[in-house]
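*Asks:* Here you go, sequence then predicted model.
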Amino acid sequence: MLVKTFGSAVSGIDAYTITIEVNISKGIRFFLVGLPDNAVKESHQRIDSALKVCGYKWPGHKIVINMAPADIRKEGAAYDLPLAIGILAASSQIVNHKLADYMMMGELSLDGSLQPVKGVLPMAIRAKEEGFKGCILPLENAREAAVVNDIDIYGFENIQQVIRFLEDDSDTEPVKVNTEEEFEKGTQLVDFDFSDVKGQESVKRSLEIAAAGGHNLIMIGPPGAGKSMLAKRLASILPPLTLDEALETTKIHSVAGKTGSGTALITQRPFRSPHHTISDVALVGGGSFPQPGEISLSHNGVLFLDELPEFKRTVLEVMRQPLEDRRISISRARFTIDYPASFMLVSSMNPCPCGYFNHPEKKCVCSPGVVQKYLSKISGPLLDRIDLHIEVVPVPFNKLAEAPPSESSITVRERVIRARKVQSERFKDNEKVHCNAQMSSRQLAQYATPDETGMNILKTAMEKLDLSARAYDRILKVARTIADLENCDTVQSHHVAEAVQYRSLDRSGWAG
């Protein structure tokens, strides 16, 4: 008897349907074809044990299973459930009149319980697009998939519950998630607040500018100056995710298996802080079984690289293209996968190996030339792609003790949101540009040309600091954001002057 069940495979952050054809005939051998990997081939033993524990039996006949399309490699243990249900239906141990209506995925334990799998949100989206009535998933994955409207999502704890449902169990209700309510509830949560930081008003100002325009930022300062503390609070002043951004972010984390148990929707902007020992593949994604890297997991959020010079040079250099294109393309001999990578790069570093170069009180003990060698670990092209270079100076004890309460993240975020609304209106006719940091050269000429005094200031800075053409663009983008924060239609001289100040690493005082 020939039976078909339906599963799903993920490529990049999108899913496509896998048709599992099970044919049972005379004979005693078992064949699993369609380019399965070892994890799929091992399903034989898991399914056999699960069926016996649940009171069913492995058919004593010839079983041929084809996973179509047969030219695409099938990976992972998530195909256990559709394979097992297909075998039961083909051997007439269960009825099969519902199988064509549902896409199903789940890993089987030896006792028949279902384990969570990756990528269920893209799977649910694909099932809806292809007209399936619903999806059958492990219970822990059900809320994540249920954010997709107009399709029934059923979550089960074991294969026995799945079988009862397929045999017309009318008591089973689909999992319901109010997507908009879930989204609104999560966007108001703030883990870290700007009011926790005493002093450092100039650095907070630069972080506000970075958040308002989506600019990349690097902080340079001695140990204990508060660089990491400030960076962790940047996400709290970014505009809340839109519903579309939340769905896209959740898709990426779903594919990577990082949504968390029972999570329906990621509603806060991601903040990723990988260790400096990370490899280039872990950062950009890919590998033998392609997965999104930290760059893509930071999509619509912040990628924080602490102690930037300690990262391997090759790791830092692979970020240059994603910082410009806001996408990362993983190309291999047999496939090419695109991952989104629109993130804010925030990094921090000590000014020298001992950490006290340019310190107002402590003396640097590094030998001549060491400071320049340390800074040269970060290439010029990468620095050019970072809009704001901020010097962080330690806060003296008396200011720590007497500092008045700082502005809360909510107050700062309101100003950032107002500036972003101005930019959204400005770029409403361009789907690829959403903030000032994404402006092209043509848009810079249209929206960010300063007045005559501002142009003279910029010319002087370019000549004295020997800045590149890319740095010229970055200064204008930052100046445009400062003007937006002031609700000013034109870029004026003081906007340009402030933007030039945020190029610390271009000044000769940092050359050692």
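*Replies:* Received the coordinates, thanks. Numbers count the residues shown, from 1 in each chain.
*Asks:* can you give me the strands in the stretch 51-200 of the chain?
*Replies:* 62-68, 102-104, 107-108, 114-115, 134-138, 152-156 (DSSP state E, counting those that start in this stretch).
*Asks:* wait, doesn't Val433 sit right on Gln443?
*Replies:* Yes - shown here, Val433 and Gln443 form a contact pair, counting by CB atoms under 8 Å, at 6.9 Å. For every residue, glycine as well, the C-beta is placed using N, CA and C.
*Asks:* What is the burial count for Gly199?
*Replies:* Using other CB atoms under 10 Å, Gly199 has 18 other residues around it.
*Asks:* Just read off the phi/psi values of it.
*Replies:* For Gly199, the backbone dihedrals are phi 70, psi -150 (criterion: degrees, to the nearest 10).
*Asks:* What's the local residue count around the closest residue in space to it that isn't next to it in sequence?
*Replies:* In this structure, Gly199 finds its nearest non-sequential neighbour in Val395, 3.7 Å apart by CB to CB, 6 or more residues apart in numbering. Applying other CB under 10 Å, we find 17 residues neighbouring Val395.
*Asks:* mind checking the SS state of Val395?
*Replies:* Using DSSP: H, G, I helix; E, B strand; the rest coil, the structure places Val395 in coil.
*Asks:* From Ser195, how far off is it?
*Replies:* Here the criterion is CB to CB, to the nearest Å. By it, Val395 lies 15 Å from Ser195.
*Asks:* With Arg205 instead?
*Replies:* 15 Å.
*Asks:* what is Leu217 paired to in the beta sheet?
*Replies:* On the basis of DSSP bridges, Leu217 is bridged to Val346, Leu388.
*Asks:* Surely it touches Leu308?
*Replies:* No - contact criterion CB under 8 Å: Leu217 and Leu308 do not qualify, at 11.4 Å.
*Asks:* Between these two, point out the one with more neighbours.
*Replies:* Each of Leu217 and Leu308 has its neighbours counted (other CB under 10 Å); Leu217 has more, 26 against 20.
*Asks:* For the more buried one, give me its contacts.
*Replies:* Taking CB atoms under 8 Å, 6 or more residues apart in numbering, we find Leu217 in contact with Ser206, Leu207, Ala210, Met344, Leu345, Val346, Ser347, Ile386, Asp387, Leu388, His389, Ile390.
*Asks:* 10 Å instead, please
*Replies:* Contact partners of Leu217, counting by CB atoms under 10 Å, 6 or more residues apart in numbering, are 203, 206-207, 209-211, 230-231, 234, 302, 304, 344-348, 386-390, 502.
*Asks:* From Ser406, how far off is the residue nearest to Gly199?
*Replies:* Here Val395 is placed at a distance of 12 Å from Ser406 (CB to CB).
*Asks:* any residues in contact with both of the two?
*Replies:* Contact criterion CB under 10 Å, 6+ apart; residues shared by Val395 and Ser406: Val197, Lys198, Gly199, Gln200, Glu201.
*Asks:* give me phi/psi at the nearest residue to the fourth one once chain neighbours are set aside?
*Replies:* Spelled out, it's Gln200. Excluding the flanking residues, the one nearest Gln200 by CB to CB, 6+ apart is Gly226, at 5.8 Å. Gly226 adopts backbone torsions of phi 110, psi 20, taken as degrees, to the nearest 10.
*Asks:* how many neighbours does Gly226 have?
*Replies:* 20.
*Asks:* Going along the chain, name the strands of the stretch 201-350 of the chain.
*Replies:* Taking DSSP E, counting those that start in this stretch as the criterion, the stretch 201-350 of the chain carries its strands at 217-220, 271-272, 285-286, 291-292, 302-305, 327-331, 336-340, 344-349.
*Asks:* Minimum distance to Asp171: which of the ones you listed has it?
*Replies:* Smallest distance to Asp171 across the strands of the stretch 201-350 of the chain (CB to CB): 38.3 Å, for strand 291-292.
*Asks:* Against Ser236, how distant is Ile410?
*Replies:* Computed as CB to CB, the Ile410 to Ser236 distance reads 8 Å.
*Asks:* of these two, who's got more company?
*Replies:* The neighbour count for Ile410 versus Ser236, taken as other CB under 10 Å, is higher for Ser236 (23 against 14).
*Asks:* just checking, the more buried one touches Thr411?
*Replies:* No - judged on CB atoms under 10 Å, Ser236 makes no contact with Thr411 at a distance of 11.1 Å.
*Asks:* Which residues are in contact with each of these two?
*Replies:* With contacts taken as CB under 10 Å, 6+ apart, Ser236 and Thr411 have Phe194, Ser195 as neighbours in common.
*Asks:* so where's the stretch 101-250 of the chain uncertain?
*Replies:* For the stretch 101-250 of the chain, residues meeting the criterion pLDDT under 70 lie at 169-170, 185-190.
*Asks:* all helices in it, in order from the N-terminus.
*Replies:* Per DSSP state H, counting those that start in this stretch, the stretch 101-250 of the chain carries helices over the ranges 120-129, 139-145, 159-166, 179-187, 201-213, 227-232, 243-256.
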